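> Got a sequence here, can you build the structure:
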Amino acid sequence: MTASAEPLTFELENAQRVSGLLIVPPGARACYVLAHGAGAGMAHPFMAQVSAGLAERGIASLRYQFPYMERRAKRPDPPALAQATVRAATAEAARRLPAFALVAGGKSFGGRMTSQAQSLAPLPGVRGLAFLGFPLHPAGKPSEERARHLFDVRVPMLFLQGSRDALADLALLRPAIDRLGERASLHVFDEADHSFHVPVRSGRRDADVRRDLLDALAAWILTVAA
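Residues are numbered from 1 along each chain as shown. Prediction:
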């Protein structure tokens with residue numbers, strides 16, 4: 001039986017409230033605090049599929065909205081507000097699931113805001129960060145600048161990346177991850193783009209990639225939680 005999502009809200013330091021969806025499958029002892037990407041909120045099918053897939057693998061999740069998405073605005077929040085939202089979400093997960101090991105991260109923008117928050121001040125109780133398509137640079141503008149703050153992160157990090165990701169040139173991302181040392185690991189999905197979509201010519205389906213992604217993510221979370 002699939003665990004159902006519990007709607008919730010939590011408050012930021014500036015008294016704004018944002019929404020979340022908590023899924024806690026029976027027997028779970030770890031929770032992934034999952035932030036959405038810049039263009040779609042927590043209810044996007046990819047986000048829902050990640051949460052449901054983790055639940056099937058015995059891992060809880062708390063996905064949540066950034067304030068701009070709650071307002072249905074198109075422009076993402078300034079980094080300070082986005083980072084404060086990450087911090088409030090992880091605190092809410094810790095409050096609701098005090099015995100659980102926490103891993104934080106998310107899709108693209110959400111993952112980067114999580115790592116920035118962690119680099120400035122450790123997120124209490126968070127044992128690792130997992131990125132679903134880390135946006136190393138804007139499309140067509142290769143750069144390593146967005147990786148600089150990762151060297152101030154002291155917890156394990158997992159990078160799940162498509163080989164055709166236009167926002168993460170592997171020729172730049174691989175060396176950056178190598179320099180991070182043992183605390184960082186990379187899992188590449190051949191032919192997948194930033195949304196983990198694969199072309200028909202690859203001989204694979206998006207569902208195949210998503211299954212492999214969830215298997216890799218769940219195994220890593222359980223290892224970090226242990």
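> what's the helix or strand for the most centrally placed residue in the chain?
What sits nearest the mean C-alpha location of the chain, by C-alpha atoms, centre = their mean, is residue 106, with 1.4 Å. Secondary structure from DSSP states H and E places residue 106 in strand 101-107.
> The residue nearest to the centre of the chain and residue 132, how far apart?
Using C-beta to C-beta, to the nearest Å, residue 106 is found at 6 Å from residue 132. (C-beta placed from N, C-alpha, C; glycine too.)
> average pLDDT across the strand holding residue 106?
When pLDDT is averaged along strand 101-107, the result is 98.
> So in that sheet, which strands flank that strand, and in what orientation?
Strand pairing for strand 101-107, determined by DSSP bridges: strand 30-35 (parallel), strand 126-132 (parallel).
> And the next helix or strand past the last one?
What that stands for is strand 126-132. Proceeding N to C from strand 126-132, the next assigned helix or strand is strand 157-162, under DSSP H and E.
> Same question for the shortest one.
Scanning forward in sequence from strand 30-35 by DSSP H and E, the next helix or strand is helix 45-56.
> pLDDT score assigned to the residue sitting furthest away from the middle of the chain?
Residue farthest from the centre of the chain, counting by C-alpha atoms, centre = their mean, is residue 201 at 28.2 Å. In this model, residue 201 is scored at 90, pLDDT.
> residues of the lengthiest helix in the chain that come out buried?
In the chain, with assignment by DSSP state H, the single longest helix is helix 206-225. Of all the residues in helix 206-225, those buried under the rule 16 or more other C-beta atoms under 10 Å are 209-210, 212-214, 216-218, 220-222, 224-225.
> Show me the two of these that sit farthest apart.
Pairwise distances across the buried residues of helix 206-225 peak at 24.2 Å for 209 and 225 (criterion: C-beta to C-beta).
> Report the buried residues of stretch 7-25.
Buried residues in stretch 7-25 (16+ other C-beta under 10 Å): 10, 18-25.
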